[in-house]
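*Asks:* Sequence below, structure please.
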Amino acid sequence: MAPEALSILAITCSTMCVYSIGPMFSIVNRPRVFRGRVGEFVFHTMNLLVIALTGSLIIWSLINVPWPVAILLIVGTASIAGYVCRALASLVLGNAVAAIIGVMGLVVLHKLAWF
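*Replies:* Numbers count the residues shown, from 1 in each chain. So this is what the prediction gives:
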């Protein structure tokens, strides 16, 4: 996959995760799936996956494209994904589903990029 496409998809997936996970930090706002000991573990694991996989994909993108292109891709995609994914996470997918889809998308992109 082209580094440009990978960077765009990575930032879009991570933005979708952040917009849907953010309101769930308060345990009162979380669905029942993310409550209790197992739910807490899954919730925090998803947060760590978003941070680690997004960082890894951005580093991969910086290695494989010239740095001016990488910076423009990251800034441009983040600003566009901010508008698109906010509406997607709040209107279509709800809170937990967007986070799960976003994490799974990042896992798939990570496998495509590094292996």
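*Asks:* Mind naming the longest helix for the chain?
*Replies:* helix 36-64 (DSSP state H).
*Asks:* Just name whatever secondary elements it is in contact with.
*Replies:* Secondary-structure packing of helix 36-64 (3 or more C-beta pairs under 8 Å, 6 or more residues apart in numbering; DSSP states H and E): helix 3-21, helix 67-87, helix 96-114. Bear in mind the C-beta positions are built from the backbone N, C-alpha and C, glycine included.
*Asks:* nearest residue to the residue nearest to the spatial centre of the chain other than its sequence neighbours?
*Replies:* When the chain is reduced to its mean C-alpha position, the nearest residue by C-alpha atoms, centre = their mean turns out to be Ser14, at 1.5 Å. Counting by C-beta to C-beta, 6 or more residues apart in numbering, Thr54 is the residue found nearest to Ser14 once chain neighbours are left out, at 4.0 Å.
*Asks:* That concludes my questions; thank you for your assistance.
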